[in-house]
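Enquirer: build the 3D model from these lines:
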Amino acid sequence: MTPAQIEIKALHAAYCEGTGMQLPLDMAREMAWWEVYRRGIRAGDVRELIRFMKWKQKNQMPCRSLVFRNFVGNPDFMEEDLAELRARSRSAPDRQANRSERAAVLQSSGRPAAPEPPPAKTVAQILEDQKALDADFEDLKRRLRDGTL
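Expert: Numbers count the residues shown, from 1 in each chain. Purely as a prediction, here's the structure:
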(Lines give C-alpha, C1' and ligand atoms only; values in the text may rest on other atoms or scores of the structure.)
Protein backbone atom coordinates (compact mmCIF):
# COMPACT_ATOMS: atom_id res chain seq x y z
CA MET A 1 0.00 0.00 0.00
CA THR A 2 1.33 3.46 -0.90
CA PRO A 3 1.45 6.32 1.59
CA ALA A 4 -1.35 8.03 -0.36
CA GLN A 5 -3.58 4.96 -0.06
CA ILE A 6 -2.89 4.77 3.67
CA GLU A 7 -3.76 8.45 4.11
CA ILE A 8 -6.95 8.08 2.04
CA LYS A 9 -8.07 5.28 4.36
CA ALA A 10 -7.21 7.51 7.34
CA LEU A 11 -9.21 10.39 5.82
CA HIS A 12 -12.24 8.15 5.37
CA ALA A 13 -11.87 6.69 8.86
CA ALA A 14 -11.68 10.21 10.35
CA TYR A 15 -14.82 11.19 8.44
CA CYS A 16 -16.75 8.10 9.55
CA GLU A 17 -15.62 8.54 13.16
CA GLY A 18 -16.43 12.25 13.25
CA THR A 19 -19.83 12.02 11.62
CA GLY A 20 -20.93 8.68 13.01
CA MET A 21 -21.81 7.55 9.48
CA GLN A 22 -20.31 4.19 8.59
CA LEU A 23 -19.93 4.38 4.82
CA PRO A 24 -17.93 1.87 2.80
CA LEU A 25 -14.81 3.18 1.09
CA ASP A 26 -15.79 2.30 -2.47
CA MET A 27 -14.11 3.44 -5.67
CA ALA A 28 -16.18 6.64 -6.03
CA ARG A 29 -15.46 7.75 -2.46
CA GLU A 30 -11.81 6.83 -2.83
CA MET A 31 -11.61 9.09 -5.90
CA ALA A 32 -13.21 11.94 -3.95
CA TRP A 33 -10.73 11.44 -1.11
CA TRP A 34 -7.87 11.32 -3.62
CA GLU A 35 -8.70 14.88 -4.73
CA VAL A 36 -8.88 15.99 -1.09
CA TYR A 37 -5.51 14.31 -0.42
CA ARG A 38 -3.99 15.90 -3.55
CA ARG A 39 -4.88 19.33 -2.13
CA GLY A 40 -2.94 18.66 1.07
CA ILE A 41 -5.85 18.05 3.41
CA ARG A 42 -5.15 15.28 5.91
CA ALA A 43 -7.10 13.23 8.46
CA GLY A 44 -6.44 15.70 11.28
CA ASP A 45 -7.87 18.49 9.14
CA VAL A 46 -11.02 16.44 8.49
CA ARG A 47 -11.49 15.88 12.23
CA GLU A 48 -11.09 19.60 12.92
CA LEU A 49 -13.49 20.54 10.11
CA ILE A 50 -16.16 18.19 11.39
CA ARG A 51 -15.84 19.64 14.91
CA PHE A 52 -15.93 23.14 13.40
CA MET A 53 -19.10 22.42 11.39
CA LYS A 54 -20.77 20.94 14.47
CA TRP A 55 -19.74 24.01 16.50
CA LYS A 56 -21.15 26.34 13.83
CA GLN A 57 -24.41 24.40 13.75
CA LYS A 58 -24.68 24.48 17.54
CA ASN A 59 -24.15 28.26 17.47
CA GLN A 60 -26.77 28.67 14.72
CA MET A 61 -24.25 29.81 12.13
CA PRO A 62 -24.40 28.81 8.46
CA CYS A 63 -22.47 25.60 7.99
CA ARG A 64 -21.83 22.90 5.46
CA SER A 65 -23.69 19.62 5.63
CA LEU A 66 -21.65 16.64 6.79
CA VAL A 67 -23.26 14.38 4.19
CA PHE A 68 -20.38 12.86 2.19
CA ARG A 69 -21.39 14.30 -1.20
CA ASN A 70 -21.52 17.81 0.29
CA PHE A 71 -18.62 17.64 2.72
CA VAL A 72 -16.11 15.75 0.56
CA GLY A 73 -17.68 15.92 -2.88
CA ASN A 74 -16.47 19.46 -3.55
CA PRO A 75 -12.91 19.90 -2.26
CA ASP A 76 -13.05 23.64 -3.04
CA PHE A 77 -15.61 24.07 -0.26
CA MET A 78 -13.52 21.96 2.08
CA GLU A 79 -10.46 24.13 1.40
CA GLU A 80 -12.49 27.28 2.05
CA ASP A 81 -13.91 25.90 5.29
CA LEU A 82 -10.42 24.88 6.40
CA ALA A 83 -9.10 28.37 5.58
CA GLU A 84 -11.93 29.91 7.64
CA LEU A 85 -11.19 27.56 10.53
CA ARG A 86 -7.49 28.44 10.49
CA ALA A 87 -8.23 32.17 10.30
CA ARG A 88 -10.56 31.90 13.29
CA SER A 89 -7.94 29.91 15.16
CA ARG A 90 -5.33 32.61 14.59
CA SER A 91 -7.59 35.32 16.03
CA ALA A 92 -8.93 33.30 18.98
CA PRO A 93 -8.68 35.00 22.41
CA ASP A 94 -6.22 32.41 23.73
CA ARG A 95 -3.87 33.40 20.89
CA GLN A 96 -3.70 36.95 22.23
CA ALA A 97 -1.29 35.70 24.89
CA ASN A 98 1.29 35.26 22.12
CA ARG A 99 1.59 39.03 21.69
CA SER A 100 4.47 39.24 24.15
CA GLU A 101 6.28 36.45 22.29
CA ARG A 102 5.70 38.30 19.03
CA ALA A 103 7.04 41.51 20.52
CA ALA A 104 10.18 39.68 21.66
CA VAL A 105 10.76 38.24 18.18
CA LEU A 106 10.23 41.63 16.55
CA GLN A 107 12.65 43.26 18.98
CA SER A 108 15.32 40.58 18.54
CA SER A 109 15.19 40.98 14.76
CA GLY A 110 15.54 44.76 14.98
CA ARG A 111 12.02 45.49 13.77
CA PRO A 112 9.72 47.95 15.50
CA ALA A 113 7.18 46.48 17.87
CA ALA A 114 3.60 46.38 16.75
CA PRO A 115 1.57 49.25 18.17
CA GLU A 116 -0.70 48.43 21.07
CA PRO A 117 -4.39 48.65 20.30
CA PRO A 118 -6.21 51.57 21.88
CA PRO A 119 -8.07 50.85 25.12
CA ALA A 120 -11.65 49.75 24.71
CA LYS A 121 -14.30 52.43 25.10
CA THR A 122 -17.23 52.10 27.44
CA VAL A 123 -20.76 52.17 26.09
CA ALA A 124 -21.22 55.64 27.60
CA GLN A 125 -18.14 56.91 25.72
CA ILE A 126 -19.38 55.45 22.45
CA LEU A 127 -22.81 57.06 22.91
CA GLU A 128 -21.15 60.38 23.76
CA ASP A 129 -19.05 60.18 20.58
CA GLN A 130 -22.16 59.34 18.56
CA LYS A 131 -24.03 62.36 19.99
CA ALA A 132 -21.14 64.62 19.03
CA LEU A 133 -21.07 63.18 15.49
CA ASP A 134 -24.84 63.61 15.17
CA ALA A 135 -24.58 67.23 16.30
CA ASP A 136 -21.76 67.90 13.80
CA PHE A 137 -23.78 66.28 11.02
CA GLU A 138 -26.88 68.36 11.83
CA ASP A 139 -24.74 71.53 11.88
CA LEU A 140 -23.27 70.61 8.49
CA LYS A 141 -26.75 70.03 7.01
CA ARG A 142 -27.96 73.38 8.44
CA ARG A 143 -24.98 75.23 6.98
CA LEU A 144 -25.56 73.62 3.56
CA ARG A 145 -29.23 74.67 3.62
CA ASP A 146 -28.34 78.23 4.70
CA GLY A 147 -25.58 78.51 2.10
CA THR A 148 -23.01 79.42 4.74
CA LEU A 149 -20.67 76.58 3.85
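
Enquirer: which residue ranges of the chain form helices?
Expert: With helices called from DSSP state H, the chain shows them at 3-19, 27-38, 43-58, 68-71, 75-90, 99-108, 123-146.

Enquirer: list the buried ones in the third one?
Expert: By neighbour count, and taking 16 or more other C-beta atoms under 10 Å as the criterion, the buried residues in helix 43-58 are 43, 45-46, 48-50, 52-53, 56. No exception for glycine: its C-beta is placed from N, CA and C like everyone else's.

Enquirer: tell me, how many neighbours does residue 74 end up with?
Expert: If you count neighbours by other C-beta atoms under 10 Å, residue 74 ends up with 15.

Enquirer: the one 10 residues further on now?
Expert: Under the neighbour criterion other C-beta under 10 Å, residue 84 is assigned a count of 13.

Enquirer: what of residue 144?
Expert: Residue 144: 10 surrounding residues under other C-beta under 10 Å.

Enquirer: circling back to that earlier point, got TSV for the helices of the chain, with mean pLDDT and distance to residue 116 too?
Expert: Output for these, formatted as TSV (pLDDT from 0 to 100; distance: least, C-beta to C-beta, whole Å):
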stretch	mean pLDDT	distance to residue 116
helix 3-19	95	40
helix 27-38	96	41
helix 43-58	94	31
helix 68-71	94	41
helix 75-90	89	19
helix 99-108	73	9
helix 123-146	89	18
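
Enquirer: now distance to residue 114 too, for these, in a markdown table please.
Expert: Listed next are the helices of the chain as a markdown table, based on distance: least, C-beta to C-beta, whole Å:
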| stretch | distance to residue 114 |
| --- | --- |
| helix 3-19 | 37 |
| helix 27-38 | 36 |
| helix 43-58 | 28 |
| helix 68-71 | 38 |
| helix 75-90 | 15 |
| helix 99-108 | 7 |
| helix 123-146 | 24 |
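
Enquirer: quick one: residue 136 from residue 145, how far?
Expert: Note on residue 136: its distance to residue 145, by C-beta to C-beta, to the nearest Å, is 15 Å.

Enquirer: cool, residue 113 as well?
Expert: Distance, residue 113 to residue 145, by C-beta to C-beta: 49 Å.
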